[in-house]
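Asker: Sequence first, predicted coordinates after that:
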Amino acid sequence: MSDVSTGVLGAESSERDPYVDLIRAFSLLVVVLWHWVFTILAFTPGGPRATSPLQWTYALWPLTWVFQVMPLFFFVGGFAHLMVWRKTRARGGSWAGFVWGRLRRLLPPALILIGFWLAVGLAAILLAHNTWVIHAALLIISPLWFLGIYLILVLIAPMMIWLHERWGALILVFLVGLAAQMDILRFARDTTWAGLVNLVCIWAFCHQLGFFYRTMVDAYRRLGWMMLFSGMFTLLALTGTGLYPRSMVGVPGDNISNMGPPTLAMVGLVMLQAGLALLLRPPVLRRLESSRRWQWFNTVANNFALPVYLFHTTGMAIAIGLLYLLFGYLPPSTPDLVWWLTRPLWLLLPLLCTLPIIYLFSGRVTRKQRSRPVAPAGEDAANPEHAW
């Protein structure tokens, strides 16, 4: 097996990878399902507070090593951006065109959503002196934190690809080393800004690792096992110190959260998840190539994953509001028997309330696209966010 730093200029195929598309959609949908099904809301006088059943059943923490999929999302996003950047350059495109192409379908609905909920919260303060609503609005838009990180990664992607093509895996070493130093400053010296640096540094590592996706795919299968076990042992070592929580999502009672801001544990997690993704690729790809049902699911999932992610908390808020207005019912604030028995409903109800919003926005986007000139052949097909 050749060194992963060799062949980065030409080894990666320029063809679209349906498995990468599936992982991107799967990652976003897992987050949506987690929020819908496993969010516990406590309705306090100061506003709603969200937690998860891990606060009561912490022994379920191993599930977060699989279902905290943001590292995996940024990993495959790195590969997608590498492919799009190379196609952009081959057509004579610029950095500005690349950035705008990545963001033009994502930012408008996201900004409208953020603006709407902030306006509702501010109106409640100004008209009714009610601060409860603004706290609820902030909770609804809180999952969109990833847009800020995504924007940064898109802005710096051409520069990071340039570094990748010249220095290969050495960039990963520097990113991990910098992330480790930031954790030391944060925990040993109580330096707050170090955690903010790692917001970029660690997600950039996940993104940069994705540049090697094609090289990893072409390597021996044991590379997937090496990554999986190296990530697992890294996580076991870090969480065994007592400093890093075992859960990869924030849980009340833990001394810190591995996600907010991200810690070095996310490096171990992306290695584990990327290794698992590499091992699962051959059988899943065979299904994607041979089964029309799998192809249909992949197409539908990629068309709807991003809009569902953008509006899923709004749909959930509408579902809760309707249940309260119509029946005076609020979900339990602890994971009792009733809470567990009603989990299937909290997959269905928010979905039913989210789909009309997606339909409205899809109609708006479709009308705008019809009024614009037709894009060059292949441009939309190369866009990972083609749903918008």
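Answerer: Yes, it's here.

Asker: Report the rounded mean pLDDT for stretch 229-247.
Answerer: Summarised as a single mean, pLDDT over stretch 229-247 is 93.

Asker: For that stretch, which outside residues touch it?
Answerer: Stretch 229-247 is contacted by residues 54, 58, 61-62, 64-65, 187, 251, 254-258, 263-265, 267-275 when judged by Cβ atoms under 8 Å, 6 or more residues apart in numbering. Yep, even glycine has a C-beta here, placed from its N, CA and C like the rest.

Asker: Buried subset of those as a PyMOL selection?
Answerer: In PyMOL syntax, the buried subset of the contacts of stretch 229-247 is picked out as below (16 or more other Cβ atoms under 10 Å):
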select buried, resi 54+61+64+65+187+251+254+256+257+258+263+264+265+267+268+269+270+271+272+273+274+275
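
Asker: Keep only those of the contacts of stretch 229-247 that are in strands.
Answerer: Among these, no residue falls in strands (DSSP state E).

Asker: Mark which of the contacts of stretch 229-247 are part of helices, please.
Answerer: 64-65, 187, 265, 267-275 (DSSP state H).

Asker: so where do the strands sit in this structure?
Answerer: Secondary structure of the chain (DSSP E): strands at 40-44, 47-51.

Asker: neighbouring strands for the first one, and are they parallel or not?
Answerer: Okay, so that is strand 40-44. strand 47-51 (antiparallel) (DSSP bridges).

Asker: tell me which residues in the partner strand are buried?
Answerer: The neighbour-count check on strand 47-51 (16+ other Cβ under 10 Å) flags G47, P48, T51 as buried.

Asker: which one among the residues you listed gets closest to S291?
Answerer: T51 (39.1 Å; Cβ to Cβ).

Asker: Now the closest one: closest residue in space that isn't a chain neighbour?
Answerer: Spatial nearest neighbour of T51, chain neighbours left out: I40 (5.1 Å); criterion: Cβ to Cβ, 6 or more residues apart in numbering.

Asker: Contacts only, for that neighbour.
Answerer: I40 neighbours (Cβ under 8 Å, 6+ apart): A50, T51, S52, P53, Q55, P331, P332, S333, T334, P335, W339.

Asker: same thing with A301?
Answerer: Applying Cβ under 8 Å, 6+ apart, the residues near A301 are L22, A25, F26, L29.

Asker: Could you pull up phi and psi at G328?
Answerer: phi 70, psi 30 (degrees, to the nearest 10).

Asker: cool, and the one 3 residues further on?
Answerer: For P331, the backbone dihedrals (degrees, to the nearest 10) come out as phi -60, psi 150.

Asker: Name the residues linked to the closest residue to it other than its chain neighbours by a beta bridge.
Answerer: The shortest distance from P331 to any non-neighbouring residue, by Cβ to Cβ, 6+ apart, is to L41 (6.1 Å). Beta-bridge partners for L41, by DSSP bridges, are A50.

Asker: and N198, how far is that from G242?
Answerer: 20 Å (Cβ to Cβ, to the nearest Å).

Asker: what do you get for I40?
Answerer: 26 Å.

Asker: ok, the residue most central in space within the chain - contacts?
Answerer: For the chain, M70 is the residue whose C-alpha lies nearest the centre (Cα atoms, centre = their mean; 3.9 Å). Shown in contact with M70 (Cβ under 8 Å, 6+ apart): S27, V31, F146, M259.

Asker: Would you enumerate the residues in contact with the last one?
Answerer: I take that to be M259. Here M259 is in contact with Q68, M70, M248, V249, G250, M266 (Cβ under 8 Å, 6+ apart).

Asker: so which of the residues you listed comes closest to L103?
Answerer: Closest to L103, out of all of the contacts of M259 and judged by Cβ to Cβ, is M70, at 18.7 Å.

Asker: that older thread, how many neighbouring residues does the residue nearest to P331 have?
Answerer: Neighbours of L41 under the rule other Cβ atoms under 10 Å: 18.

Asker: That one against L323, yeah?
Answerer: No. Counting by Cβ atoms under 8 Å, L41 stays clear of L323, with 11.9 Å between them.

Asker: Please enumerate the shared neighbours of the two.
Answerer: L330.

Asker: any idea how far T239 is from V251?
Answerer: 13 Å.

Asker: Can you pick out the most distant pair from the ones in helices among the contacts of stretch 229-247?
Answerer: F187 and G275 (27.0 Å).

Asker: Tell me, please, where in this structure the pLDDT is lower than the cut-off.
Answerer: Residues of the chain meeting the criterion pLDDT under 70: 1-15, 362-388.

Asker: Mind listing what's buried along the longest helix along it?
Answerer: For the chain, the longest helix by residue count, based on DSSP H, is helix 292-327. The neighbour-count check on helix 292-327 (16+ other Cβ under 10 Å) flags 294, 298, 301-320 as buried.

Asker: What of stretch 80-91?
Answerer: A80, H81, L82, M83, V84, W85, K87, T88.

Asker: My read is that the fifth one contacts G97, right?
Answerer: What that stands for is V84. No. V84 is beyond contact range of G97, at 10.4 Å (criterion: Cβ under 8 Å).

Asker: and stretch 243-255, which residues are buried?
Answerer: In stretch 243-255, counting by 16+ other Cβ under 10 Å, buried: Y244, P245, R246, S247, M248, V249, G250, V251, D254.

Asker: ok, of those, which one's closest to L127?
Answerer: Nearest to L127 among the buried residues of stretch 243-255, with distances taken as Cβ to Cβ, is G250, at 33.2 Å.
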